[in-house]
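Peer 1: Requesting a structural model of the entry that follows:
(one chain, ligands or ions: 1)
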Amino acid sequence: MIEDRARIPVTLIPGDGIGPECIDAARRIVEAAGAPIEWESADAGAEVFKKGIASGVPQETMDSIGRTKVALKGPLETPVGFGEKSANVTLRKLFETYANVRPVREMPGVNTPYSGRGIDLVVVRENVEDLYAGIEYMQTPGVAQALKLISAKGSERIARFAFEYARSEGRTKVACATKANILKFSEGEMKRAFEKVAPDYPEIEPWHVIVDNAAHQLVKRPEQFEVIVMTNMNGDILSDESSALVGGLGFAPSANVGNEVAIFEAVHGSAPKYAGKNVINPTAVILSAVLMLRSLGLFDHASAIEHAIFVTLGSGVLTGDVLGYDRGTPTTEYTDAIIGNLGKRTETWTVRDVKPLVLPKLDPDPDYVKTTSRSVVGLDVFVESPLSASELGASMMELTHDTRLSLKMISSRGTKVFPPTGALTETGDHFRCRFIIKENPGDLPDEDVNQLLARISRRHRWMHIEKLQEFDGELGFTRDQGEN
Ligand code: NAP
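Peer 2: The predicted structure follows:
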């Protein structure tokens with residue numbers, strides 16, 4: 001029965017594969033709980049790709065989400081390899097849903113090797129930057145490049161979000177897992193942002209952990225984590241790992257949250273082999289709907305559904321992913337059981353008392369990091385060449401000796417190979433030649449760049465250049481292994 005109050009419009013995207021079954025279960029439960037929601041059905045995914053819409057998201061769906069600001073969606077199939085981009089990533093990026101929230105919690109009745117240890121953590125994943133920008137190039141026929149773009153602003157925004165999320169749920173610790181030991185600029189940006197904002201949340205204990213150790217600790221002692229914030233790809237991988245600890249993807253909900261729009265969906269995909277068989281576990285989408293209700297301020301409805309899920313699972317009503325597909329409760333019966341348990345309260349499982357989430361407000365200036373001085377000290381030129389490092393080095397020196405720049409070194413996949421170091425580094429056909437301004441660094445006019453490239457082009461094929469910059473006296477580029 002729907003309550004007699006203004007209904008809140010929500011865009012409902014059934015999605016592909018098992019999506020429609022999961023979404024139907026969630027919709028029925030939300031309605032049975034009396035939540036005042038007005039659904040607006042919309043398409044995205046496989047059928048849309050088939051109509052030739054390369055984004056997988058038609059304009060009407062964009063318009064609907066733009067209007068409602070909230071969507072509950074089923075999984076969308078992503079064509080693998082070349083061609084179309086992921087419709088999921090499109091939605092996240094177009095609505096700037098920068099925070100991906102993935103709660104991972106032990107469930108009653110779902111036995112795993114970790115049962116009884118009280119796993120109850122939340123992965124907060126940055127959702128719009130990093131390698132998921134999907135900017136890739138074949139630099140040579142045999143060498144691919146992907147750009148990992150991480151901004152100071154994006155990092156601060158997600159770090160603050162993680163602390164605010166912890167605060168809204170009364171959590172006491174936030175971990176930040178990065179690969180800053182290797183990727184000092186990109187992953188380092190996240191670590192620095194985390195350390196910058198942590199003092200603003202004195203009641204929460206911050207700690208940094210290297211991401212590979214985080215993966216190890218999640219398997220070894222997952223109960224030590226409460227909230228973990230990560231860049232996009234690390235968060236993608238570790239959140240799937242985390243969900244496996246509590247019974248798998250069938251129990252892993254998520255929220256994509258931005259300043260304007262929030263999109264709620266399961267972590268899992270469209271699991272096409274189970275589509276239409278009435279066997280899958282809709283809990284992840286139902287729990288995503290619970291997150292959605294909380295974000296809409298419908299805390300009592302959310303808690304009522306969460307209690308009903310816990311009561312249902314605790315009574316041994318479980319789907320095939322838990323019991324085996326020959327013995328599990330069918331999806332529709334499982335949904336009926338949850339509806340039947342609405343109003344009952346679990347005595348053995350805690351339902352969190354959640355307060356409204358405060359979204360961080362950041363300086364809207366595009367130049368988020370202000371500098372007082374900057375200079376250019378050189379140029380990296382990426383070259384495709386069949387020569388050995390020594391031959392290429394000698395050739396580059398001969399070609400460029402009377403330009404404003406001098407060859408400092410050549411590297412292969414980040415390791416210095418010229419001048420020779422005595423190391424056994426294998427080189428392919430992909431080199432980076434580092435040129436440094438000989439005198440008066442600070443500015444590198446285009447004429448100097450053009451002259452250098454023209455000289456190089458006499459004998460070699462270059463495919464990419466990168467200016468070597470300094471900001472406020474700090475190097476804006478890394479040194480290679482073996483480079484001084
Ligand atoms: P998947 O659809 O998540 O399925 C992987 C496996 O997880 C399934 O074979 C099944 O395991 C289990 N599983 C997932 N959801 C389940 C559920 N609700 N109930 C029970 N078991 C469940 O991953 P995938 O096969 O890699 O991807 C399929 C398609 O989904 C791809 O096109 C992918 O791009 C897309 N995808 C979409 C999203 C999204 O829309 N957000 C996310 C991820 C993937 P068992 O076989 O062991 O039973």
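
Peer 1: is it true that Phe225 touches Val219?
Peer 2: No - using CB atoms under 8 Å as the test, Phe225 is too far from Val219 to be in contact (11.5 Å). Every residue, glycine included, has its C-beta placed from N, CA and C.

Peer 1: Compare those two (neighbour count), which wins?
Peer 2: Phe225 (24 against 13; other CB atoms under 10 Å).

Peer 1: so what's that one closest to, chain neighbours aside?
Peer 2: Nearest residue to Phe225 in three dimensions, chain neighbours excluded: Leu121, at 4.3 Å (CB to CB, 6 or more residues apart in numbering).

Peer 1: Any regions of this structure where pLDDT drops low?
Peer 2: Residue ranges of the chain with pLDDT under 70: 1-5, 80-84, 484.

Peer 1: give the contact list for the closest residue to the ligand within it.
Peer 2: At 2.3 Å from the ligand, Gly269 is the closest residue in the chain, using CB to the nearest ligand atom. Contact analysis of Gly269 by CB atoms under 8 Å, 6 or more residues apart in numbering lists Gly17, Pro75, Glu77, Thr78.

Peer 1: Please repeat the previous calculation with a cut-off of 10 Å.
Peer 2: Going by CB atoms under 10 Å, 6 or more residues apart in numbering, Gly269 touches Gly15, Asp16, Gly17, Ile18, Gly19, Gly74, Pro75, Leu76, Glu77, Thr78, Asn88, Leu249.

Peer 1: circling back: helix or strand: which one has the residue nearest to Phe225?
Peer 2: Taking DSSP states H and E as the criterion, Leu121 maps to strand 120-126.

Peer 1: elements contacting that strand?
Peer 2: strand 99-105, helix 152-168, strand 173-178, helix 211-220, strand 227-230, helix 232-245, strand 253-257 (3 or more CB pairs under 10 Å, 6 or more residues apart in numbering; DSSP states H and E).

Peer 1: I'd like the distance from that strand to the chain centre, please.
Peer 2: Distance of strand 120-126 from its chain centroid, counting by CA atoms, centre = their mean, to the nearest Å, is 11 Å.

Peer 1: re the thing from before, for the contacts of Gly269, which one is nearest Ala175?
Peer 2: Closest approach to Ala175 among these (CB to CB): Leu249, at 22.5 Å.

Peer 1: Cross-check the contact I'm expecting between that closest one and Ala266.
Peer 2: Yes - at 7.2 Å, Leu249 counts as touching Ala266 under the criterion of CB atoms under 10 Å.

Peer 1: Return every residue with contacts to both of those two.
Peer 2: Pro75, Ser243, Asn281, Thr283, Ala284.

Peer 1: Remind me which helix or strand the nearest residue to Leu94 once chain neighbours are set aside belongs to.
Peer 2: Nearest residue to Leu94 in three dimensions, chain neighbours excluded: Met62, at 6.9 Å (CB to CB, 6+ apart). Here Met62 is covered by helix 59-68, with elements defined by DSSP H and E.

Peer 1: Quick check: buried residues in that helix?
Peer 2: In terms of neighbour count (16 or more other CB atoms under 10 Å), helix 59-68 has its buried residues at Thr61, Met62, Ser64, Ile65, Thr68.

Peer 1: who are the neighbours of it, in terms of helices and strands?
Peer 2: Counting by 3+ CB pairs under 10 Å, 6+ apart, helix 59-68 packs on strand 8-13, strand 37-41, strand 70-73, helix 87-94.

Peer 1: from the chain's centre, how far out does that helix sit?
Peer 2: 23 Å.

Peer 1: any idea how the protein splits into domains?
Peer 2: 1-98+245-355, 120-233, 374-475 (automatic domain parsing).

Peer 1: now for these, which one comes closest to Asp363?
Peer 2: Once the domains of the chain are compared by CB to CB, domain 120-233 is nearest, at 7.9 Å.

Peer 1: Summarise which helices and strands the strand or helix carrying Val311 is packed against.
Peer 2: For Val311, the element it lies in under DSSP H and E is helix 299-314. Using 3+ CB pairs under 10 Å, 6+ apart, the elements in contact with helix 299-314 are helix 19-32, helix 283-295, helix 331-340.

Peer 1: Would you mind putting the CA coordinates of the last one into CSV?
Peer 2: Right, helix 331-340. In CSV, the C-alpha atoms belonging to helix 331-340 read as follows (Å, rounded to 0.1, in the frame of the first residue of the first chain):
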residue,chain,number,x,y,z
THR,A,331,13.5,-15.4,-7.2
THR,A,332,9.7,-14.6,-7.2
GLU,A,333,9.1,-16.8,-4.0
TYR,A,334,12.1,-15.2,-2.3
THR,A,335,10.6,-11.8,-3.1
ASP,A,336,7.2,-12.9,-1.7
ALA,A,337,8.9,-14.1,1.5
ILE,A,338,10.5,-10.7,2.0
ILE,A,339,7.2,-8.9,1.4
GLY,A,340,5.6,-11.3,3.9
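
Peer 1: any residue of it up close to the ligand?
Peer 2: No - figure legend: helix 331-340 not in contact with the ligand (CB under 6 Å from any ligand atom); closest approach 8.5 Å.

Peer 1: ok, the residue nearest the centre of the chain - contacts?
Peer 2: Centroid check for the chain by CA atoms, centre = their mean gives Asn232 as the closest residue, at 2.8 Å. Neighbour list for Asn232: 89, 92, 98, 100, 125-133, 148-150, 154, 158 [criterion: CB under 10 Å, 6+ apart].

Peer 1: What of Glu306?
Peer 2: By CB under 10 Å, 6+ apart, the neighbours of Glu306 are 105, 286-287, 290-291, 293-294, 346, 349-352, 354.

Peer 1: how far does stretch 214-224 sit from the chain's center?
Peer 2: Relative to its parent chain, stretch 214-224 has a centroid offset of 20 Å by CA atoms, centre = their mean.

Peer 1: buried stuff in that stretch?
Peer 2: Applying 16+ other CB under 10 Å to stretch 214-224 flags Ala214, Ala215, Gln217, Leu218, Pro222 as buried.

Peer 1: from the shared contacts of Leu249 and Ala266, which is closest to Leu362?
Peer 2: Distance to Leu362 across these (CB to CB) is lowest for Ser243, with 29.7 Å.

Peer 1: Could you list the residues of the stretch 1-150 of the chain in contact with the ligand?
Peer 2: Checking the stretch 1-150 of the chain against the ligand by CB under 6 Å from any ligand atom, the hits are Ile18, Pro75, Leu76, Glu77, Thr78, Asn88.

Peer 1: For the second one, give me its contacts.
Peer 2: What that stands for is Pro75. If you count contacts by CB under 10 Å, 6+ apart, Pro75 has them with 13-19, 22-23, 45, 88, 249, 265-272, 284-285.

Peer 1: now with 7 Å?
Peer 2: Neighbouring residues of Pro75 by CB atoms under 7 Å, 6 or more residues apart in numbering: Gly15, Asp16, Gly17, Gly19, Glu265, Ala266, His268, Gly269, Ser270.

Peer 1: for Gly56, same thing?
Peer 2: By CB under 7 Å, 6+ apart, Gly56 lies in contact with Ala44, Gly45, Val48, Phe49, Leu76, Glu84, Ala87, Thr90.

Peer 1: what separates the spatially closest residue to Tyr325 that is not a sequence neighbour from Gly56, distance-wise?
Peer 2: Among residues not flanking Tyr325 along the chain, Val279 sits closest, at 5.4 Å (CB to CB, 6+ apart). For Val279, the distance to Gly56 (CB to CB, to the nearest Å) stands at 26 Å.
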